[in-house]
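Asker: Give the three-dimensional model of this entry:
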Amino acid sequence: MDVYQSNLFFHQNGLSQIVFLDVWMLTLYDYLQITADCGKPLEEAAWDIDDVAGCFEYYAGIAEGLDAKEKTLVSLPMETFKCHVLKEPIGLVGLITPWNYLMLMATWKVAPALAAGCTAILKPSELASVTFFEFGEVCREVGLPPGVLNIVTGLGHEAGAPLASHPHVDKVGF
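Answerer: Numbering: from 1, shown residues only. This next block holds a predicted model:
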């Protein structure tokens, strides 16, 4: 059984997930210092965290909206058939981020993956990995279940290439 199937987080509705993502967003404000390993001034890091928060809010809202549309009937010309669209997570996604705008670039990948119900492996740049150890701590603090978001650090050819080419990774985002 994979992490998705065994994980109650993804079997919650969008409203439950938006509460989690909101708590995550608020917790990030306490971690402005986590962008220090890329040399970004604290004032600019604060702007980034505002954008990070907005991104989580946006995708949490989308998750909630998808729940509202779940199993909505699609009109067909024949009354003998009923049809609806069921959206499901794609599975495990590999997320590879650069060193610049690290929190924002990671959020642009992590937030939609989690909102869609996917599990993820985040591989940050080897030039800015310390930030993501703190990011992982934020995940723990807000109650993200183990195995939902995994963080792997290392050089591109040692960590990124195997992640991008692994047969169990269903989607890769750069």
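Asker: First-to-last residue distance for stretch 70-81?
Answerer: 18 Å (Cα to Cα, to the nearest Å).
Asker: Dihedrals phi and psi, Gly143?
Answerer: phi 90, psi 20 (degrees, to the nearest 10).
Asker: I'd like the numbering to begin with 19 instead of 1 from here.
Answerer: Will do, 19 is the new start, and the previous item becomes Gly161.
Asker: Tell me how many other residues crowd it.
Answerer: 10 (other Cβ atoms under 10 Å). In short, each C-beta sits where N, CA and C put it, glycine included.
Asker: In the protein, what residue spans correspond to helices?
Answerer: 21-24, 32-46, 60-87, 120-133, 148-159, 179-183 (DSSP state H).
Asker: Pick the most deeply packed of those.
Answerer: helix 120-133 (a mean of 23; mean count of other Cβ atoms under 10 Å).
Asker: avg pLDDT for that helix?
Answerer: Mean pLDDT, helix 120-133: 88.
Asker: so that helix versus helix 60-87, what angle?
Answerer: Counting by axes from the mean of the first three to the mean of the last three Cα atoms, to 10 degrees, helix 120-133 lies at 10 degrees to helix 60-87.
Asker: Helix 120-133 to helix 148-159, inter-axis angle?
Answerer: 40 degrees.
Asker: export helix 120-133 as CSV, just CAs?
Answerer: Output in CSV follows, covering the C-alpha atoms of helix 120-133 (Å, rounded to 0.1, in the frame of the first residue of the first chain):
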residue,chain,number,x,y,z
LEU,A,120,14.0,28.9,-3.0
MET,A,121,10.9,29.1,-0.8
LEU,A,122,8.8,30.6,-3.4
MET,A,123,9.9,28.2,-6.2
ALA,A,124,9.4,25.2,-3.9
THR,A,125,6.0,26.5,-2.9
TRP,A,126,5.0,26.8,-6.5
LYS,A,127,5.6,23.1,-6.7
VAL,A,128,4.7,21.8,-3.2
ALA,A,129,1.3,23.6,-2.7
PRO,A,130,-0.4,22.4,-5.9
ALA,A,131,1.0,18.8,-5.4
LEU,A,132,-0.4,18.6,-1.9
ALA,A,133,-3.7,20.3,-2.9
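Asker: Which strands or helices does it pack on?
Answerer: Secondary-structure packing of helix 120-133 (3 or more Cβ pairs under 8 Å, 6 or more residues apart in numbering; DSSP states H and E): helix 32-46, helix 60-87, strand 110-114, strand 137-141, helix 148-159.
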